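A structural model of the following input is requested.
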Amino acid sequence: MKPRLFYKNFRLVRYLCSGILMLALVHVSTSITSKEEVSPHLPVSCVELDSFLEKFDQLAGELFAESKSPGAAIAIVKNGRIIYGRGLGVKRVGSNDSIDIHTAFRIASVSKTFAGVLTGKLVGQGVLRWDDPVQRYYPQFDLKNQQYASKMQVKHILSQSTGLIQHAYTNYIEEGWDLNSMISALKEVDLMGEPGRLFSYQNVAFGVIEPILKAATGRDYNELVQSEIFEPLRMKDASIDYASMVANDNIAYPIFPRRGGWTTGKISPTYYNVPSAGGINASISDMANYMIALSGHRPEVFSKQMLEEVFAPEIDTNIRWKYFSRWEDYKKSYYGMGWRIVENNESTIAYHGGYVNGYRSQLAINKDEDLGICVLTNSPTSFSSKLVPEFLKLYDQYKERIHMEEMSQITIKALERKPLM
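Alright, predicted model coming up:
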């Protein structure tokens, strides 16, 4: 079957062979053949899923053009396989250097999801517990209210329920303070209540997880992410520091609006001083592998119990907040362990978005449908924040028909196994 040209230098290729439909992003001269990156095995009859992907592809192209975004990358996984991948646009203004599957982006606050699952792994290994007091591992941790400081637990840090006022000292991150100094300054911040009672989004306080994990394991946070997540999931383009990003020769540069057009900016060192909150760099290939594990298909890396604990709602958040203004029919929202959890009558979505230094990112996992999407961009447009809820809405229109196809395949396989009379 001839490949269909999507964008300059990119193609979405369909292979229909022995009843297996495979979709993969292909660079002009290089297809994705690595077993760990792409091994999609979908049902024999995939008419409805194929139709859904056609519609989504059209939608993505339209929203990308409408937003005037310079560059982006998208991946979709289902049933433990990559079923869609696409790169859009360029790495920098005035260049024909197109974004490919290994182009690294800053993923901003989606980094928080890694902190959640990393801690969950260590909890599963018996290294620490969710309800351990912070001061057990980080005795110098203090707040204005010392009683509240002594009550602070690991789960309060990761679930954004510290009781501190929203975004306490995020400005210090922008100013380049080191993490220990920022954490020490938290004792000057007013509190809204005791830990575990209220949601208040944090970056500096979220970073307290780093000295906790170092004390519990004897290893630096960055080293733990590398060895416990990047390496076993074969996230070969991923890194978690400024030096690695600027040394990489395949990165999407931050692009900013300027005088009716766009200009290429510089990569900022900010937020690499709190890597747990916003310091990870990754390609869409990396994020696809990550989503497959998050969907439960790499239990040797992310156990089922760990994922259940990390995705469990811990604290109520406000679904009416502008963050979810485009999420139609979703009624409730929470924060879990480094994850936003959004619910409607039929589905639960584990989600996070982020923005830093011109980069926007969105990641959503529908556990009930074994489905995930990630969108990475190198500009501050609305593309990713519009595309993800539209993707979920579009899938809802197709899911019953997709379920019927999946059920038909189960029946076919059962008949194939039935012995002849």
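
Could you identify the longest helix within this protein?
The longest helix of the chain (DSSP state H) is helix 383-417.

so where do the helices sit in the stretch 51-200 of the chain?
Per DSSP state H, counting those that start in this stretch, the stretch 51-200 of the chain carries helices over the ranges 111-124, 134-137, 146-151, 154-158, 170-174, 179-185.

nearest to residue 203, of those?
helix 170-174 (4.9 Å; Cβ to Cβ). From N, CA and C alone the C-beta is placed, and that goes for glycine too.

List of residues touching that closest one?
With Cβ atoms under 8 Å, 6 or more residues apart in numbering as the contact definition, helix 170-174 has outside contacts at 181-182, 185, 202-204, 270-271, 273-274, 277.

How far does it sit from its chain's centre?
Taking Cα atoms, centre = their mean, to the nearest Å, the mean C-alpha location of helix 170-174 is offset from the chain mean by 23 Å.

check contacts around the residue nearest the centre of the chain.
When Cα atoms, centre = their mean is applied to the chain, the residue found nearest the centroid is residue 363 (3.8 Å). For residue 363, the contacting residues are 107, 110, 113, 287, 291, 351-353, 372-374, taking Cβ under 8 Å, 6+ apart as the criterion.

Looking at these, which are in helices?
With helices identified by DSSP H, the entries of those that belong to them are 113, 287, 291.

who wins for most neighbours among those?
Of the ones in helices among the contacts of residue 363, residue 287 is surrounded by the most neighbours, 29 neighbours in total, counting by other Cβ atoms under 10 Å.

if I read this right, that one contacts residue 74, doesn't it?
No: in this structure residue 287 lies outside contact range of residue 74 using Cβ atoms under 8 Å: 9.7 Å.

what sits in contact with each of the two?
With contacts taken as Cβ under 8 Å, 6+ apart, residue 287 and residue 74 have 374, 376 as neighbours in common.

okay, the helices of the stretch 51-200 of the chain, which one's buried deepest?
Most buried of the helices of the stretch 51-200 of the chain, by mean neighbour count (mean count of other Cβ atoms under 10 Å): helix 154-158, with a mean of 25.

Just the CA trace of that one, in CSV.
Written as CSV, here are the backbone C-alpha positions of helix 154-158 (Å, rounded to 0.1, in the frame of the first residue of the first chain):
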residue,chain,number,x,y,z
VAL,A,154,5.0,11.8,51.3
LYS,A,155,1.6,11.6,49.8
HIS,A,156,0.8,15.2,50.6
ILE,A,157,3.8,16.4,48.6
LEU,A,158,2.9,14.4,45.5
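
would you turn the helices of the stretch 51-200 of the chain into a markdown table with distance to residue 67 and mean pLDDT?
Written out in a markdown table, the entries for those read as follows (distance: least, Cβ to Cβ, whole Å; pLDDT from 0 to 100):
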| stretch | distance to residue 67 | mean pLDDT |
| --- | --- | --- |
| helix 111-124 | 24 | 99 |
| helix 134-137 | 41 | 99 |
| helix 146-151 | 43 | 98 |
| helix 154-158 | 32 | 99 |
| helix 170-174 | 26 | 97 |
| helix 179-185 | 34 | 98 |
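
Of all those helices, which one is nearest residue 233?
helix 111-124 (10.4 Å).

Show me how far the closest one is from its chain's centre.
On the basis of Cα atoms, centre = their mean, the separation between the geometric centre of helix 111-124 and that of its chain is 13 Å.

One more: stretch 338-347?
The answer for stretch 338-347 is 15 Å, by Cα atoms, centre = their mean.
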